[in-house]
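In: missing the sequence, but the structure's below:
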């Protein structure tokens, strides 16, 4: 690397911090479209499956202040290339409950929302099919699962190895549907100027949204601008376009005014995706010393009838532990549900709950410490791809975490420690997440006075990009932070993939480093001084690391938790936790700590609370708000010790940076469930660990 | 039905016309374009819209604008005085007590309310002695700040951010 470490890694305070704490950083709706804003409210289907037989908008249309009611009968026609739930208001067919069947534009939000009640809709409803079961006869194998992973992987003779193993575990784990629920509700504000569209939007990557809007309306890239400088969280649900972005643009076109659509919290349970529920059978075979001979991980999950979304749930099992005989499979049921989407570490999060719970069960069966069991099964190379690791520090994470937590001398027996009413236990689980680099373009300019402008369509959804990318740029340009101005969050900026899959800083940072090198070379050829009218260089990275085929690239981590369960009420508390990560270069120690902490606490939230309950008869998500869908609150979170190891990885990308947005959540729920078992002697294999499950 | 009201927000009076159905939050965000308070649920479940109403914290999505009358509305932006950030603004940045920042102005208004409640001796559900002076221990802060959801889960940084100011203001040892 030719970069010099000056501010990279330092815990610089967030550049956008002062504006965010005062509330003056403008999120989607808070930007100025340059004219008065009209409001859009949605009419949603009350059935899961069937067809609209009658739709009468006349009462809504007659309401003073209503500008238009969009229905399948009058809505502008969209391109037939749109898929899944994006062809909104294009047909009378209903595919899931909550589907948009009409939309009201009005002068104020109060008028729009009241007028929704004036749209009469009748349906011919069919019985919905929404229940996932592992014995459904219609389960099918998708062609591949998300992120390009193979649907199945089979090595050796798993069944034979299981039948002859000294010790086996055979258990089925279930995770419920979950919803991302960023606190900023999905919001789009659209304005047309002639045939050009501007969308101020809450998303994880403006170019991704721009692409679908271009398709929907038959526009060129120059005709669609998506602006998203500040985004109030996403966790996956803001990665891809959903119906609301297209609806806002459609409505603005119809009324010829700026239109904003702020989804309600309730609408976010059907219109912006969810994490699929999973049913996972894990079988482990081991010798009497705890060395795995066979690993089998079979996943059943759901997708929507109108869109295939195949979560890569068992893929972490392909890299975690050594075993000569191994099998992972994914099977899907097509149900009358809204399309699932990505939610923080899609795949790894539910998958590692199952695998890391099963490892804990195996440790107990063998009478081996669960940290030691994992260390004994450390694979020297990627056990399925049979290539070396670019770097792998799981064992160091486990050992360091055990020491920081005070794991040594732990009594292996479950259900034997009490503190008054509290049953007390401790649990451990490992974490992993792939490290990838994606295509990203970048433009860096220097003016005649030596001020640098770095332009790239990266996103800051809370991840710290504004700060960390500025640090990376300053180092790569060999200048101070104050000499660099960064621009992100606008589709007019050079192309970059969105914030997702822990690829953001790995990709954008690499693009910035390489472009900065080019600029410095040009400056040197000019004698080291920028010309009076400045200089601009375009650069970037073409895609994955050139070493991605040669090496297996992953970050790793280990979680240790103390769990207390109230023997009288079943209440579960997690008073303290230790997490240690190895994720290559850490760009900003302050924002990275928050990333790891936030990921872990979302896993804690998953363990204790999160569950989207679907009514089997009526098909809808019943608990569709933040009073019914519980997420961790301040009082749920105790003392959390976050740390990371120094890890150098010369292969992953220009910065040796593996990405840290997801690793924190992976395995966290398993650590809590394992601690729950150690406290109570009860193995809960279906999340969340709600109090009732202590008494069943 | 439209009604003429005057809202006093962050030290300035704003005459405006609102629908009688308009919440204080929507009056601020949609009519006055004061977007310091955020909308996260519109049902009083998340706390992102928290403002101070005559110094007490409220979910502004649960207050109808026509009921506010002469009460002084203070947003996080309004906690700054003479252009200088409030101590909570500084401590939240220093402790990195947020990620996306969307719930943050509500967290900060809520924290300002917590400090005032502690000074006034109001107990919480976790206060052991209901008659003694309130001290904002970590447990007290966690309890009192639990009406403000943070999906980025910066809670473990919010607690010390509030504690720093509580200590400086004498409601924590």
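Out: Here it is on my side, so go on. All figures in this text were calculated on a predicted structure; none of them were measured in a lab. Residues are numbered from 1 along each chain as shown, chains lettered A, B, ... in the order given.

In: Would you agree residue A:523 falls within a strand?
Out: No - Residue A:523: not assigned to a strand; according to DSSP: H, G, I helix; E, B strand; the rest coil it is helix.

In: my guess is it meets residue A:531, correct?
Out: No - the criterion here is Cβ atoms under 8 Å, and residue A:523 misses it with residue A:531 at 9.3 Å. Every residue, glycine included, has its C-beta placed from N, CA and C.

In: Looking at the two, which is more packed in?
Out: Using other Cβ atoms under 10 Å in any protein chain shown as the criterion, residue A:523 and residue A:531 rank with residue A:523 on top: 19 against 13.

In: Just say helix, strand or coil for the residue lying closest to the more buried one once chain neighbours are set aside.
Out: Among residues not flanking residue A:523 along the chain, residue A:530 sits closest, at 6.3 Å (Cβ to Cβ, 6 or more residues apart in numbering or on different chains). Secondary structure assignment for residue A:530 (three-state DSSP): coil.

In: if I pick residue A:530, what's in contact with it?
Out: A:446, A:447, A:448, A:449, A:450, A:523 (Cβ atoms under 8 Å, 6 or more residues apart in numbering or on different chains).

In: That one and residue A:618, how far apart?
Out: 66 Å (Cβ to Cβ, to the nearest Å).

In: Over to residue A:374?
Out: 44 Å.

In: between those two, who's got more neighbours?
Out: Per other Cβ under 10 Å, whichever of residue A:374 and residue A:618 has more neighbours is residue A:374, with 25 against 13.

In: Isn't that one up against residue A:362?
Out: No - using Cβ under 8 Å, residue A:374 is not in contact with residue A:362; the gap is 10.1 Å.

In: and the helix or strand where residue A:670 lies, does that touch chain B?
Out: Taking DSSP states H and E as the criterion, residue A:670 maps to helix A:668-680. No - Helix A:668-680 stays clear of chain B (Cβ under 8 Å from any Cβ of the partner chain), getting no nearer than 10.9 Å.

In: Looking at that helix now, give me its mean pLDDT.
Out: Mean pLDDT, computed over helix A:668-680, is 98.

In: pLDDT score for residue 75?
Out: Went with chain A since none was named. Residue A:75 is given a pLDDT of 98.

In: wrong chain, I was asking about chain B
Out: Value for residue B:75, per-residue pLDDT: 98.

In: Leaving out the residues flanking it, which one is nearest to it?
Out: residue B:36 (3.9 Å).

In: residues in contact with the one you found?
Out: The neighbours of residue B:36, taking Cβ under 8 Å, 6+ apart as the test, are A:22, A:23, A:24, B:28, B:75, B:76, B:77, B:78, B:105.

In: For the second one, the count of nearby residues, please.
Out: When you say that, I think you mean residue A:23. 27.

In: what does residue A:436 give?
Out: 22.

In: Can you pull up the most central residue in chain B?
Out: Centroid check for chain B by Cα atoms, centre = their mean gives residue B:109 as the closest residue, at 2.1 Å.

In: That one against residue B:78, yeah?
Out: No - with contact defined as Cβ under 8 Å, residue B:109 does not count as touching residue B:78 (9.1 Å).

In: Give me the pLDDT for the residue nearest to residue B:75.
Out: 98.

In: same check, this time on residue A:2
Out: Residue-level pLDDT assigned to residue A:2 equals 37.

In: What is whichever helix in chain B runs longest packed up against?
Out: Across chain B, the longest stretch assigned as helix under DSSP state H is helix B:104-119. Applying 3 or more Cβ pairs under 8 Å, 6 or more residues apart in numbering or on different chains; DSSP states H and E, one finds that helix B:104-119 contacts helix A:17-22, strand B:50-53, strand B:56-59, helix B:76-79, helix B:87-94, helix B:138-144, helix B:155-168.

In: Report the angle between that helix and helix B:87-94.
Out: Counting by axes from the mean of the first three to the mean of the last three Cα atoms, to 10 degrees, helix B:104-119 points 130 degrees away from the direction of helix B:87-94.

In: what kind of secondary structure is the most centrally placed residue in chain A in?
Out: The centre of chain A sits closest to residue A:344, judged by Cα atoms, centre = their mean, with a distance of 2.5 Å. Classification of residue A:344 using three-state DSSP returns coil.

In: Wait, it touches residue A:665, no?
Out: Yes - using Cβ under 8 Å as the test, residue A:344 is close enough to residue A:665 to be in contact (5.1 Å).

In: what residues are shared contacts of these two?
Out: A:599, A:602.

In: Closest residue of the stretch 351-500 of chain A to chain B?
Out: Of all residues in the stretch 351-500 of chain A, the one sitting closest to chain B is residue A:462 (3.0 Å; Cβ to the nearest Cβ).

In: Give me the neighbour count for that residue.
Out: 33.

In: Look at it and report its pLDDT.
Out: pLDDT, read off for residue A:462, is 97.

In: Shouldn't it be within a helix?
Out: No - per three-state DSSP, residue A:462 lies outside any helix segment and is coil.

In: Can you give me the distance of it to residue B:81?
Out: From residue A:462 to residue B:81 the distance is 28 Å (Cβ to Cβ).

In: again with residue A:430
Out: Counting by Cβ to Cβ - residue A:430 and residue B:81 are separated by 49 Å.

In: Compare those two (neighbour count), which wins?
Out: residue A:430 (27 against 9).

In: Following the chain onward from the helix or strand hosting residue A:398, which element is next?
Out: Per DSSP H and E: residue A:398 is located in helix A:394-405. Per DSSP H and E, the first helix or strand lying C-terminal to helix A:394-405 is strand A:418-419.

In: got the contact list for that next one?
Out: A:424, A:564, A:567.

In: doesn't the first one fall inside a strand?
Out: Yes - counting by three-state DSSP, residue A:424 falls inside a strand.

In: Confirm for me that it is in contact with residue A:562.
Out: Yes - counting by Cβ under 8 Å, residue A:424 does reach residue A:562; the two are 7.0 Å apart.

In: Neighbours of residue 118, how many?
Out: In the absence of a named chain, chain A is used. Residue A:118 - counted by other Cβ under 10 Å - has 18 other residues nearby.

In: wrong chain, I was asking about chain B
Out: Using other Cβ under 10 Å: residue B:118 sits among 24 other residues.

In: Ok, residue A:696 next?
Out: With other Cβ under 10 Å as criterion, residue A:696 counts 7.

In: Residue A:51 too?
Out: For residue A:51, using other Cβ under 10 Å, the count is 13.

In: How about the contacts made by it?
Out: By Cβ under 8 Å, 6+ apart, the neighbours of residue A:51 are A:92, A:93, A:94, A:123, A:124.

In: That one falls within a helix, correct?
Out: No - counting by three-state DSSP, residue A:51 is not part of a helix but strand.

In: I'd like to know the beta-bridge partner residues of it.
Out: Beta-bridge pairing of residue A:51, defined through DSSP bridges, involves residue A:93, residue A:124.

In: what about the strands in the stretch 1-150 of chain A?
Out: Assigned strands in the stretch 1-150 of chain A, in chain order: A:37-44, A:50-56, A:66-70, A:93-94, A:100-106, A:120-125 (criterion: DSSP state E, counting those that start in this stretch).

In: Over to the stretch 151-300 of chain A?
Out: A:153-155, A:167-175, A:187-193, A:196-201, A:224-227, A:258-262, A:278-286, A:292-304.

In: what comes up buried for the second one?
Out: Within strand A:167-175, the residues scored as buried using 16 or more other Cβ atoms under 10 Å in any protein chain shown are A:167, A:168, A:169, A:171, A:172, A:173, A:174, A:175.
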